[in-house]
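Enquirer: My questions are about this predicted structure, shown below with the sequence.
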Amino acid sequence: MQCGRYRFPLQGPGARPLVMGILNVTPDSFSDGGRFQALDTALSHAEQMIADGVDIIDIGGESTRPGSQPASLEEELRRVMPALYALRDCGKPISIDTCKPEVMREVLDAGADMINDINGFRAPGALTAVNQGESALCIMHMLHTPQTMQLAPHYDDVVTEVNDFLRARVAAAEAAGIDRKRLCVDPGFGFGKTMAHNLALLRELGALRETTGLPILAGLSRKSTIGAITGKPVQKRMAGSVAAALAAVARGAFIVRVHDVAETVDALRIWQAVEANNQG
């Protein structure tokens, strides 16, 4: 997988699941809103994630929790750009979580290695904004918008419908001249899904990987499904989130997007050691 200045093997020597660490520079994200809004605390958190073994740092400047309101273009850039400038030479790929084509262009010009778009690059001009260069692109499924996505989401067959959406968006990206080696897909856990939908998608991640032929990114960290299963509030969902990350990797996820980097890295190291022993 091509990720800007970096390359990650998908199979063979050196291939392993990757941990994407979340760096929200927002006042209102569902789990850590406001904690890392100031640049010095954001950079301190990024440095800790690097020390903990993170593979990719994902900077988000706009909350997409259920019911959230979009940030203006100017505000999102004001939040994201200082952190990007400070971290682009940290030795790890920097991803920007955005659905605005204008932000995509700005951050790619400034050295971002990946664009993570919850809207699947559906905004007018989004694919044009990213079709040049070697940045990785994560295409995610979301039902409706963050403002409405959790208002009684319905599917006739959630796995089939998410698969069909992602395949169509991958085809659109390829038609725009984007090389498949730059692409990964995300079923969008929690973005217009009930707990039953999320669990069905998690069980069928292997089928999603087979039908798209692309690496899978899974973002389950601290989400409401974890809370519903464990009965824990958002700040006490670390153990459940690590378990969900392991379940995703065991079913074929290549990247897990997490808040708890150190714990997830350790868990994956144990999982990898067990798998390597089985293969031996």
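Expert: Good, I have the coordinates.
Enquirer: Where does the prediction get shaky in this protein?
Expert: In the prediction, the chain carries residues with pLDDT under 70 at positions 28-37, 67-68, 147-149, 278-280.
Enquirer: gap between residue 87 and residue 102?
Expert: 21 Å (C-beta to C-beta, to the nearest Å). C-beta coordinates here come from the backbone N, C-alpha and C atoms, glycine included.
Enquirer: And residue 212, by the same measure?
Expert: 28 Å.
Enquirer: Residue 231 now?
Expert: Distance from residue 231 to residue 102, counting by C-beta to C-beta: 42 Å.
Enquirer: And for residue 51?
Expert: Taken as C-beta to C-beta, the span from residue 51 to residue 102 is 34 Å.
Enquirer: Neighbour count for those two, which is higher?
Expert: residue 102 (16 against 10; other C-beta atoms under 10 Å).
Enquirer: Backbone dihedrals for the more buried one, please?
Expert: Dihedral pair for residue 102: phi -60, psi -40, per degrees, to the nearest 10.
Enquirer: I figured it was touching residue 73, is that so?
Expert: Yes. If you go by C-beta atoms under 8 Å, residue 102 and residue 73 touch, sitting 5.5 Å apart.
Enquirer: what lines up beside the longest strand anywhere in the chain in the sheet?
Expert: Taking DSSP state E as the criterion, the chain has its longest strand at strand 18-24. Strand 18-24 pairs in its sheet with strand 56-60 (parallel), strand 255-258 (parallel), by DSSP bridges.
Enquirer: Of those, which stretch is the most buried?
Expert: Stretch with highest mean neighbour count among the strands paired with strand 18-24: strand 255-258 (a mean of 27; mean count of other C-beta atoms under 10 Å).
Enquirer: Using PDB, write down the CA coordinates of it.
Expert: Extracted C-alpha coordinates of strand 255-258, given in PDB (Å, rounded to 0.1, in the frame of the first residue of the first chain):
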ATOM      1  CA  ILE A 255      -5.300  -1.000   9.700                       C
ATOM      2  CA  VAL A 256      -7.100  -0.400  13.000                       C
ATOM      3  CA  ARG A 257      -7.900   3.200  14.000                       C
ATOM      4  CA  VAL A 258      -7.600   3.600  17.700                       C
END
